[in-house]
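Asker: here is my input; please provide its structure:
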Amino acid sequence: MSLQAGMKNDAYVIVRKYHDATVSIAYIGHYPKTHFSIEQFIVESIEG
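Answerer: Numbers count the residues shown, from 1 in each chain. Alright, predicted model coming up:
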């Protein structure tokens, strides 16, 4: 009984890690495209 529960727990952990990795890769691929542009890196004036 406890062996089956342990195997189910291991399977859940593997699925959770796969899900987390998939979401992380999607976020890393999408975020820079939507939040960064070349205009943000151009300095128009320096104060000081």
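
Asker: tell me how many other residues crowd Tyr31.
Answerer: Look at Tyr31: counted by other C-beta atoms under 10 Å, it has 10 neighbours. C-beta here means a position set from N, CA and C on the backbone, and glycine is covered the same way.

Asker: in terms of helices and strands, where is it?
Answerer: With elements delineated by DSSP states H and E, Tyr31 resides in helix 2-35, which encompasses its position.

Asker: which pLDDT value belongs to the most centrally placed residue in the chain?
Answerer: Among the residues of the chain, the one closest to the centroid is Ser24, at 1.7 Å (C-alpha atoms, centre = their mean). Among the per-residue scores, Ser24 shows a pLDDT of 93.

Asker: which residues touch Ser45?
Answerer: By C-beta atoms under 8 Å, 6 or more residues apart in numbering, no residues touch Ser45.

Asker: show me where pLDDT drops low in this structure?
Answerer: Under the criterion of pLDDT under 70, the regions of the chain flagged as low confidence span 1, 48.

Asker: how does it look with 50?
Answerer: Low-confidence segments of the chain (pLDDT under 50): none present.

Asker: how many neighbouring residues does Val23 have?
Answerer: One way to gauge burial is a neighbour count; for Val23, by other C-beta under 10 Å, it gives 10.

Asker: and it, how far from Arg16?
Answerer: 11 Å (C-beta to C-beta, to the nearest Å).

Asker: can you give me how far the helix holding Tyr31 is from the chain middle?
Answerer: Taking the mean of its C-alpha atoms, helix 2-35 sits 10 Å from the chain's own mean (C-alpha atoms, centre = their mean, to the nearest Å).

Asker: tell me the buried residues in it?
Answerer: Applying a neighbour-count criterion of 16 or more other C-beta atoms under 10 Å, helix 2-35 contains no buried positions.

Asker: so that it lines up with my notes, have the first residue be 19 from now on.
Answerer: Will do, 19 is the new start, and the previous item becomes helix 20-53.

Asker: output the contacting helices and strands for it.
Answerer: Helix 20-53 makes packing contacts with no helix or strand when contacts are defined by 3 or more C-beta pairs under 8 Å, 6 or more residues apart in numbering; DSSP states H and E.
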